[in-house]
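> Below is the sequence, then the predicted model.
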Amino acid sequence: VPARFKMASVAAAVVMALFVAGGGTVYASQDSLPGDRLYTVKTGAESFRISLAGDASAARLWLESSEKRLAEAEALNQLGRTGGIETAMAGYIQAVTGSMEGLEAITSDDELAEELSKMLSESLSGHAHILDDLEDRVPPHAYQSIIQARQSALNGLGGALQALSRQNPEEAMQINLDAMEGRLNRMKAQAEAGKPVDGEGSLAQFEALQAVAGETIQAAADSGRDATNVQAMLAGATSKHLEVLTEVYGSVPEQAKGAVEAAMENSLNGHQKAVEALEKAGAPDKIPAEIPAQAGMPDRIKQKLEEMTPPKPDTPAGGPPQDAPGDGAPHDVAPGGPDHDRPDAGPPADIPGSPSGDNNQYGPVQDAPGGPVQDTPGEGSPVEEAPGGPPHDPPSGGQAPDAAPGGPPQGVPAGGS
């Protein structure tokens with residue numbers, strides 16, 4: 001039975017009260033808190049309005065009531081009236097339940113369902129943070145009611161995200177990833193404060209939201225939408241998740257390390273499935289960078305990361321080949337073989353100011369100290385004219401001797417005389 005129909009008798013009583021006391025009583029009750037005389041008038045008036053609303057309007061009104069209950073709990077704590085927090089949190093749980101019932105009743109209007117599911121997702125994710133903060137400041141006797149309220153918020157968040165996934169999976173995934181990061185940060189703060197981190201608190205909530213992320217991907221695929229975007233979003237977030245989990249792992253006592261390590265492995269499994277799906281879909285450009293191993297990670301997680309990292313091609317000792325210029329352009333080959341002494345760009349250092357040539361990126365080669373450059377090119381290379389005449393003119397008169405295969409002319413001494 002929907003929550004708003006359960007309040008029918010209360011609504012009737014409120015109507016009677018309005019006739020007897022007048023509308024001013026309802027107005028005066030708006031600032032009342034649990035334990036105040038007019039508090040039942042306040043909540044009864046809310047229930048009366050909700051009972052008259054349609055499904056979508058009822059969901060919004062219930063959401064407003066949930067936020068009023070959070071504000072009441074904060075006010076009670078500041079006033080030191082913490083005994084009323086339990087009443088406020090019970091009202092919060094009822095309001096979240098009513099909101100979800102209103103959302104679930106919307107089955108024929110996709111646009112309205114998307115709008116409402118997004119609003120509930122964002123609101124309930126924010127409520128979890130508010131309840132985290134409140135839990136840190138209330139006395140121990142109020143802990144349990146706040147823990148139950150937060151769990152209700154996160155359960156509602158999961159349901160709202162599932163509904164949003166059917167209409168807008170990318171939006172659902174982003175809200176979910178933000179909520180997951182919030183649970184991780186909460187876990188980190190608890191670990192640093194020496195509070196227990198186990199399978200029932202923030203760690204379990206993180207893993208529950210992780211499961212919702214997988215359902216979001218499936219919902220995108222089932223609806224015929226392109227699922228690669230949400231797959232890439234989840235895969236890309238894994239590195240950050242592992243970073244925080246590694247910090248938590250180093251802070252928790254030994255008995256809690258196993259649960260944290262299991263969460264890390266689950267994150268990696270989700271990452272690997274997403275990457276494999278992207279590869280299968282032919283979307284390698286959406287695959288995020290490899291996840292680096294970090295100091296402090298458990299050995300089993302480091303090993304899994306190594307197994308997931310594709311092997312890199314072998315690189316020859318001493319670096320890449322020396323005859324390849326840095327910009328990837330083909331390297332001109334000097335007569336007699338590759339030139340290993342030239343820099344990647346510009347003329348050689350000992351020949352400043354060389355003019356540019358047509359077939360050589362460094363310009364015509366000038367005579368180096370000790371004699372002219374030999375005029376016999378390598379096989380198949382055209383000979384360019386050097387300044388002063390064609391290349392076959394003998395340096396000192398007479399006919400140039402024939403060049404021996406594979407080397408300079410045999411009759412020309414090194415000094416050029």
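Received the coordinates, thanks.

> hey, let's count contacts and neighbours off CA atoms from now on
Noted.

> tell me the phi and psi of residue 137?
When quoted as degrees, to the nearest 10, the phi and psi of residue 137 stand at phi -120, psi -10.

> again with residue 54
phi -80, psi 180.

> Burial check on it, number of neighbours?
Residue 54 sits with 11 neighbouring residues when counted by other CA atoms under 10 Å.

> Just list the residues touching it, thanks.
Applying CA atoms under 8 Å, 6 or more residues apart in numbering to residue 54 gives no contacts.

> next one: residue 308
Taking CA under 8 Å, 6+ apart, one finds residue 272 in contact with residue 308.

> Run through the stretch 251-400 of the chain and note the low-pLDDT ranges.
310-400 (pLDDT under 70).

> 80 instead, please
Along the stretch 251-400 of the chain, segments meeting pLDDT under 80 span 309-400.

> From residue 110, how far off is residue 234?
25 Å (CA to CA, to the nearest Å).

> So for these two, which residue has more residues nearby?
Per other CA under 10 Å, whichever of residue 234 and residue 110 has more neighbours is residue 234, with 25 against 14.

> Now do that one against residue 241, distance only.
Relative to residue 241, and taking CA to CA, residue 234 is found at 10 Å.

> Also residue 173?
15 Å.

> again, but for residue 55
37 Å.

> can you give me the helices for the chain?
For the chain, the helices defined by DSSP state H cover 3-6, 8-21, 23-28, 39-51, 55-79, 85-104, 110-135, 143-165, 169-192, 202-222, 228-251, 254-280, 299-308.

> right, and those helices - which one's nearest residue 291?
Counting by CA to CA, residue 291 lies closest to helix 228-251 out of the helices of the chain; the figure is 5.7 Å.

> Looking at residue 173 and residue 241, which is more packed in?
A count of neighbours by other CA under 10 Å puts residue 173 above the other of residue 173 and residue 241, at 26 against 20.

> thinking that one is in contact with residue 214, fair?
No - counting by CA atoms under 8 Å, residue 173 sits too far from residue 214 to count as a contact (9.4 Å).

> quick one: common contacting residues for the two?
The overlap between the contact sets of residue 173 and residue 214 (CA under 8 Å, 6+ apart) is empty.

> residues near the spatially closest residue to residue 279 that is not a sequence neighbour, how many?
Closest residue in space to residue 279, ignoring its immediate chain neighbours: residue 287 at 7.9 Å, by CA to CA, 6 or more residues apart in numbering. Residue 287 sits with 19 neighbouring residues when counted by other CA under 10 Å.

> what sits against residue 287?
In this structure, residue 287 makes contact with 232, 235, 236, 275, 278, 279, judged by CA under 8 Å, 6+ apart.

> ok, it to residue 134 distance?
Separation of residue 287 from residue 134 (CA to CA): 39 Å.

> now swap in residue 95 and tell me
Residue 95 sits 19 Å away from residue 134, going by CA to CA.

> Show me which of these two is the more surrounded one.
Between residue 95 and residue 134, residue 95 has the larger neighbour count (other CA under 10 Å), namely 27 against 18.

> Quick check, pLDDT for that one.
Among the per-residue scores, residue 95 shows a pLDDT of 98.

> so it makes contact with residue 63?
Yes - under the criterion of CA under 8 Å, residue 95 makes contact with residue 63 at 6.4 Å.
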